[in-house]
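Novice: sequence first, then the predicted structure:
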Protein chains: 2
Amino acid sequence: MGYSIGQVAKKTGLTAHTLRYYEKEGLLPFVKKSSSGLRVFSDSDIEWLVLIECLKGTGMSLKNIKQYIDWCIEGDSTLTQRLEMFKNQKVKLEEQMKQLQKHMEKINYKIAYYTEIIANGSEGVFERNPKLAAERKRVYGK
Amino acid sequence: MGYSIGQVAKKTGLTAHTLRYYEKEGLLPFVKKSSSGLRVFSDSDIEWLVLIECLKGTGMSLKNIKQYIDWCIEGDSTLTQRLEMFKNQKVKLEEQMKQLQKHMEKINYKIAYYTEIIANGSEGVFERNPKLAAERKRVYGK
DNA sequence: TCTTGACTTAGAGTTAACTCTAAAAATTAT
DNA sequence: ATAATTTTTAGAGTTAACTCTAAGTCAAGA
């Protein structure tokens, strides 16, 4: 039921260096050490790492993730802070997703634009496709 | 039809420092200078900035954004590279969006979890709610 | 004209998050 | 038992993307 740092690195896709760094930063306060000083990760340590990846992946800094972990250690008196943190993160995440959707539209547009030009040459493309004409006008001026 | 660096900073939400930095890095090769050396941004410069924000917002590094800009300057011989770049970016973006959806589920779960505990106390919560019980088991062991 | 605020440059400094090094100790494989 | 691999530590180094400073120039309002 215990994993070495190398095994955890493989499992999570993080490097052993990064895992030690996270521990040094206080993000993995529950990792045990063997009698000879080797780190022994449990399944719940790996669950912590999964949550850390989730928060990191939604743009939270390691510093703020540590804040959450400190709240967890502090106990039940911080339950409302923790709930608030997740609610805030949800709002941010919703904004991110909306933003990515907009970016997707722009990128789809660029793909259509370049596909057209490559297929038909830049001459005449805009005249045959009013949507592209409007975009060209918007980006490059009349 | 020309904007000062301060006006562009306001329009885009970037700082003037950042705009100068972008220019230094080759990301704004079309910005003109007035006779006395002041930057004069055009509408199309602002469009470039919008595209830069799009690419940056989907995880592209400034270095790779510069590559794209260099291709644009190079002319029609790079059209296929540019199309490929946007197609790659679209794939990455789709992966990102899927990942964010997963993160959203985890965060929603945490919100439900903390809401329950705060409302009803931690005693009995798990027994009354088998989904939470399963999660607790998964995270903290039996 | 005077003053105030915006702009210029080169270059230094900062921050977050790693990433690596070296030398020693522990573990695993043969 | 020996060799190869993995892990340990403290601490140094790296990278990307800003962010700021200083000393001077330019522009707009009273």
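Specialist: Good, I have the coordinates. Since the structure is predicted, the reported quantities are computational estimates derived from the model, not experimental observations. Residues are numbered from 1 along each chain as shown, chains lettered A, B, ... in the order given.
Novice: ok, now which ones touch A:Phe86?
Specialist: Counting by CB atoms under 8 Å, 6 or more residues apart in numbering or on different chains, A:Phe86 makes contact with B:Ile107, B:Lys110, B:Ile111, B:Tyr114. Every residue, glycine included, has its C-beta placed from N, CA and C.
Novice: which one among the residues you listed gets closest to DNA strand C?
Specialist: Checking the contacts of A:Phe86 against DNA strand C by CB to the nearest atom of the strand gives B:Ile107 as the nearest, at 17.4 Å.
Novice: which parts of chain A sit against DNA strand C?
Specialist: Remark: the part of chain A in contact with DNA strand C comprises A:15, A:17-18, A:20-21, A:34-38, A:56, A:61-63, using CB under 7 Å from any atom of the strand.
Novice: in helices, which of the contacts of A:Phe86 fall?
Specialist: The members of these that map onto helices under DSSP state H are B:Ile107, B:Lys110, B:Ile111, B:Tyr114.
Novice: quick check: which ranges of chain A have low pLDDT?
Specialist: Low-confidence regions of chain A, defined here as pLDDT under 70, cover residues A:123-142.
Novice: at 90 what do you get?
Specialist: Residues of chain A meeting the criterion pLDDT under 90: A:1, A:120-142.
Novice: what does it put close to DNA strand D?
Specialist: With CB under 7 Å from any atom of the strand as the criterion, chain A meets DNA strand D at residues A:Ser4, A:Ile5, A:Gly6, A:Gln7, A:Ala9, A:Ala16, A:Arg20, A:Lys33, A:Gly37, A:Leu38, A:Arg39.
Novice: turn those residues into CSV, including distance to B:Met85, neighbour count and secondary structure.
Specialist: Written out in CSV, the entries for these read as follows (distance: CB to CB, whole Å; neighbours: other CB atoms under 10 Å in any protein chain shown; DSSP: H, G, I helix; E, B strand; the rest coil):
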residue, distance to B:Met85, neighbour count, secondary structure
A:Ser4, 40, 14, coil
A:Ile5, 37, 18, helix
A:Gly6, 36, 12, helix
A:Gln7, 37, 13, helix
A:Ala9, 32, 17, helix
A:Ala16, 34, 15, helix
A:Arg20, 36, 14, helix
A:Lys33, 47, 9, strand
A:Gly37, 48, 6, coil
A:Leu38, 45, 11, coil
A:Arg39, 41, 20, strand
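Novice: OK, contacts around the residue nearest the centre of chain A?
Specialist: With distances taken as CA atoms, centre = their mean, A:Gly57 lies nearest the centre of chain A, 1.7 Å away. For A:Gly57, the contact set (CB under 8 Å, 6+ apart) comprises B:Gln99, B:Leu100, B:His103.
Novice: do you have the helices of chain A handy? List them.
Specialist: Going by DSSP H, chain A shows helices at A:5-12, A:16-24, A:43-57, A:62-74, A:79-120, A:125-128, A:130-140.
Novice: and which of the contacts of A:Gly57 is nearest to A:Gly26?
Specialist: Among the contacts of A:Gly57, B:His103 lies closest to A:Gly26 (CB to CB), at 22.2 Å.
Novice: lovely, talk soon.
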